[in-house]
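Asks: Return a 3D structure for these sequence lines:
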Amino acid sequence: MRFSRIVTPLLCGAALTLGFSAPAPAEELRLGFIAPMTGLFAQVGKDMSDGFNM
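Replies: A predicted model of the protein is given here:
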């Protein structure tokens, strides 16, 4: 008896909370990338950038 008095309101509250929640809108995710693009290590930086963009 005591168990059902505790569990029933918790389940009802959880159902109401989940029923009224909305998913987050989809947004474009932007990531930053730092690599050398000039100088002695430019080719390594280009390779890293190409791998990041794959």
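Asks: So Arg5: helix, strand or coil?
Replies: Reduced to three states with DSSP: H, G, I helix; E, B strand; the rest coil, the structure at Arg5 is helix.
Asks: Any idea how many residues pack against it?
Replies: Neighbour count for Arg5, taken as other Cβ atoms under 10 Å: 8. Backbone N, C-alpha and C define where each C-beta goes, glycine included.
Asks: List the contacts of the helix or strand in which Gln43 is found.
Replies: Taking DSSP states H and E as the definition, one finds Gln43 inside helix 42-53. Contacts of helix 42-53 from elsewhere in the structure, counted by Cβ atoms under 8 Å, 6 or more residues apart in numbering, are 33, 35-37.
Asks: Distance from the chain centre to that helix, please.
Replies: The gap between where helix 42-53 is centred and where its chain is centred comes out at 25 Å by Cα atoms, centre = their mean, to the nearest Å.
Asks: which residues sit in contact with the most centrally placed residue in the chain?
Replies: Most central in the chain under Cα atoms, centre = their mean is Leu29, positioned 9.1 Å from the mean C-alpha point. Not one residue lies near Leu29 by Cβ under 8 Å, 6+ apart.
Asks: mind checking the end-to-end distance for stretch 18-31?
Replies: Between the opening and closing residues of stretch 18-31 there is a gap of 31 Å (Cα to Cα, to the nearest Å).
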